[in-house]
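Asks: no sequence on hand, only this structure:
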């Protein structure tokens, strides 16, 4: 696994296979958290092949610039139907997605990995639930030896969508004996890198149906 991408080649292959499997259904993809553009590059190429639009969302301007440069380096240009949005997923949903209401949207989530930020992100999708096709969540196997990092992406998904939802595994099952990187990040042994949720079948356990979009988004603090 290359550190600059922070996911395996199997992850990229599985993304391609997933979009191929749902060719003709996926109309729009939102990538949340582009980092240095590893997944952005593959999603861009896939969008050209399978004719869907693509929004890249990140709260870090440097990462957006790196992702843009990586696509241009690999493909020579950035064609129509691709947009870069500076902000977190909740802001994007509030300001863009719930107004444009692009049907058959797949969200690729590799944004913040803390429990509360993932909880906010996943719950925000409630307000565009009728437009969603799939949610691809990366790093559900992520943990940290530092408790204050609260690295529980999978637990945030369970809080919003429930433990018993039929999550589809994606990516490699890693065997890791010790924490890696400086922050003592590690992966759960033999657990897949991520999970896919069919949003047509998903049930939201949070937020409560009585909460309006205005009430929900007003209480959140932007990421970054």
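Replies: Perfect, thanks for sending it. Worth saying up front: this structure is predicted, and the values here are computed from it rather than measured.
Asks: chain center to stretch 37-56: distance?
Replies: Averaging C-alpha positions (C-alpha atoms, centre = their mean, to the nearest Å) puts stretch 37-56 13 Å from its chain's average.
Asks: next structured bit after the longest helix along the chain?
Replies: Looking across the chain with DSSP state H, the single longest helix is helix 61-75. Scanning forward in sequence from helix 61-75 by DSSP states H and E, the next helix or strand is strand 82-86.
Asks: checking residue 193 next. Helix, strand or coil?
Replies: With DSSP: H, G, I helix; E, B strand; the rest coil as the basis, residue 193 sits in strand.
Asks: surely residue 94 meets residue 121?
Replies: No: assessed by C-beta atoms under 8 Å, residue 94 is found out of contact with residue 121, at 11.8 Å. For the C-beta atoms, the positions are set from N, CA and C on the backbone; glycine is no exception.
Asks: give me the contact list for the helix or strand containing residue 143.
Replies: If you go by DSSP H and E, residue 143 is part of strand 142-144. With C-beta atoms under 8 Å, 6 or more residues apart in numbering as the test, strand 142-144 has contacts from 113, 151, 152, 153, 179, 183, 184, 185, 186, 187, 188.
Asks: out of these, list just those in helices.
Replies: Per DSSP H, the subset of these in helices is residue 153.
Asks: how near is residue 9 to residue 135?
Replies: 22 Å (C-beta to C-beta, to the nearest Å).
Asks: neighbour-wise, which of the two wins?
Replies: Between residue 9 and residue 135, counting by other C-beta atoms under 10 Å, residue 135 is the more crowded of the two (24 against 14).
Asks: what about residue 76, neighbour count?
Replies: Counted with other C-beta under 10 Å, residue 76 comes out at 8.
Asks: whoops, I mixed them up, residue 163
Replies: Residue 163, neighbours per other C-beta under 10 Å, totals 11.
Asks: picking up where we left off before, now do the longest helix of the chain: distance to the chain's middle.
Replies: 18 Å.
Asks: do stretch 189-207 as well
Replies: With C-alpha atoms, centre = their mean, you get 11 Å for stretch 189-207.
Asks: got the contact list for the closest residue to residue 161 other than its chain neighbours?
Replies: Nearest-residue entry for residue 161: residue 202, 5.4 Å, with adjacent residues in sequence omitted and distances by C-beta to C-beta, 6 or more residues apart in numbering. Residue 202 sits next to 129, 132, 135, 161, 165 when contact means C-beta under 8 Å, 6+ apart.
Asks: over to the residue nearest the centre of the chain: give its phi and psi.
Replies: Most central in the chain under C-alpha atoms, centre = their mean is residue 109, positioned 0.7 Å from the mean C-alpha point. Dihedral angles of residue 109 (phi, psi; degrees, to the nearest 10) stand at phi -100, psi 110.
Asks: okay then, goodbye and thanks.
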